[in-house]
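Asker: just the structure for this:
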Amino acid sequence: MEKAGREGDGAPRGPVLHIVVVGFHHKKGCQVEFSYPPLIPGDGHDSHTLPEEWKYLPFLALPDGAHNYQEDTVFFHLPPRNGNGATIYGISCYRQIEAKALKVRQADVTRETVQKSVCVLSKLPLYGLLQAKLQLITHAYFEEKDFSQISILKELYEHMNSSLGGTSLEGSQVYLGLSPRDLVLHFRHKVLILFKLILLEKKVRSRRMKRMGSFLYFSSE
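Answerer: The predicted structure is shown next:
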């Protein structure tokens, strides 16, 4: 039987590509501690190895100075892999916990606090929608006080792809967490320029495709 959220050929059915946990190691710094599915096919879910294109992922998901906050959310972009030209959208929920509160304390935990980020890597910029789900799971993951309990993270991946796949993305929930007021306050008069660019998007894309078609036609001769 196929798992929810995945096609028969192994490709994600929904927008979520990976669930990743990034932690701070007292000697090695920020590093990936868990990824599902593995960031590199064939590796284990606990592999620290990163694709070359995503070598800065740990530092984006767990930025410098994060230890000054009890919890926070970070949004970031990753470059495409395999030259497909598609930007990857990252949402990272950061939290920290006192080491003495852990039920299972691993040998490499030598500091008084443990800092980790739970990340979602998505093909679509569903920032508000993914953030709402990710914050709940990150809280539950830390409440376990045992970071070896990764089943909740795998379930998050399956749930997100099954619930956000197909026509379920239609409707107002896509815009969850997006504030028109904040948009206007941040961009001010440039909002009008952005609006015009959105309206012209299809025309620009159409002209570009026509030019590419003409180029291919003359090149074939």
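
Asker: ok, the closest residue to S148 other than its chain neighbours to V16 distance?
Answerer: Among residues not flanking S148 along the chain, V104 sits closest, at 6.2 Å (C-beta to C-beta, 6 or more residues apart in numbering). Placement of C-beta: from N, CA and C, glycine included. Distance, V104 to V16, using C-beta to C-beta, to the nearest Å: 27 Å.

Asker: cool, K55 as well?
Answerer: Taking C-beta to C-beta, one finds K55 at 21 Å from V16.

Asker: what about those two, which has more around it?
Answerer: Just comparing K55 and V16: by other C-beta atoms under 10 Å the higher neighbour count belongs to V16, 25 against 9.

Asker: excluding its backbone neighbours, what's nearest that one?
Answerer: Nearest non-adjacent residue to V16, counting by C-beta to C-beta, 6+ apart: M160, 4.6 Å away.

Asker: mind checking the SS state of that neighbour?
Answerer: Under DSSP: H, G, I helix; E, B strand; the rest coil, M160 falls in the helix class.

Asker: and it, how many neighbours?
Answerer: Per other C-beta under 10 Å, the neighbour tally for M160 reads 24.

Asker: next: H67.
Answerer: H67 has 13 neighbours, counted by other C-beta under 10 Å.

Asker: so what's it up against?
Answerer: F24, Q96, T113, Q115 (C-beta atoms under 8 Å, 6 or more residues apart in numbering).

Asker: can you flag which of the residues you listed belong to strands?
Answerer: Cross-referencing the contacts of H67 against strands under DSSP state E gives F24, Q96, T113, Q115.

Asker: is the second one bridged to anything, and to what?
Answerer: According to DSSP bridges, the partner residues bridging Q96 are Q115.

Asker: quick one: it and A132, what's the gap?
Answerer: Going from Q96 to A132 by C-beta to C-beta gives 21 Å.

Asker: then I40?
Answerer: Distance from I40 to A132, by C-beta to C-beta: 29 Å.

Asker: this protein: helices as residue ranges?
Answerer: Listed in chain order, the helices of the chain (DSSP state H) span 57-61, 127-143, 151-163, 180-187, 190-220.
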